[in-house]
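Visitor: my questions concern the predicted model and sequence given below.
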Amino acid sequence: LFRGYKVQVGILGDKEIDFIAEKEGEKLYVQVALSINNPETLEREFGNLKNIRDNYPKKVVTLEAFSGNTVEGIEIQDLRSFLLA
C-alpha cells in the first residue's frame, strides 16, 4: 500500500491468492508462508500461483533467509528483501 499499489485478496476457483497488488495496469501476485520446507506447504503456495495463466510477476514471500530462487518462474523472496525492495 505504501508503494501506491491497490491490494486485495484473490480467489481462483476454490483457492486463495494471498495478495494481488495492482498499480498503473500492472499486477503482482504474492503468496506468503512462514516456511516452505514442508512439501505440502510448498505445493499449496506454488500451486495456487501456477494456476494463474497470465504473465504478471508471481512471488512467494517467506521468513526463510534466502531469495532469488525460482520454481517454474515464481520467485522466492525472503520477507526482509521484499519489504526493502
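Guide: Arrived safely, thanks for sending.
Visitor: what about the strands in the protein?
Guide: Ranges of strands in the chain, per DSSP state E, are 6-12, 15-23, 26-33, 58-62, 70-71, 74-78.
Visitor: neighbours of the residue lying closest to Leu1 once chain neighbours are set aside, how many?
Guide: Distance criterion Cβ to Cβ, 6 or more residues apart in numbering; nearest residue to Leu1, sequence neighbours excluded, is Val7 at 5.8 Å. All C-beta spots, glycine's among them, are computed from the backbone N, C-alpha and C. Other residues near Val7 come to 14 when the count uses other Cβ atoms under 10 Å.
Visitor: pull out the buried positions in stretch 72-84.
Guide: Judged by neighbour count (16 or more other Cβ atoms under 10 Å), stretch 72-84 contains these buried residues: Ile74, Glu75, Ile76, Gln77, Asp78, Phe82.
Visitor: export it to CSV, keeping only CA atoms.
Guide: Output in CSV follows, covering the C-alpha atoms of stretch 72-84 (Å, rounded to 0.1, in the frame of the first residue of the first chain):
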residue,chain,number,x,y,z
GLU,A,72,8.7,-22.5,-12.7
GLY,A,73,9.2,-18.8,-12.9
ILE,A,74,7.7,-18.0,-9.5
GLU,A,75,10.3,-16.1,-7.4
ILE,A,76,11.1,-17.0,-3.8
GLN,A,77,11.9,-13.9,-1.7
ASP,A,78,12.6,-13.5,2.0
LEU,A,79,10.4,-11.1,3.9
ARG,A,80,13.2,-8.6,4.6
SER,A,81,14.2,-8.3,0.9
PHE,A,82,10.6,-8.0,-0.1
LEU,A,83,9.9,-5.1,2.3
LEU,A,84,13.1,-3.3,1.4
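Visitor: picking up where we left off before, the residue nearest to Leu1 and Lys23 touch, don't they?
Guide: No. Between Val7 and Lys23 there is no contact under Cβ atoms under 8 Å: 9.6 Å.
Visitor: about what we covered before: which of the strands of the chain is buried the deepest?
Guide: Mean neighbour counts were taken over these using mean count of other Cβ atoms under 10 Å, and the top value, a mean of 22, falls to strand 58-62.
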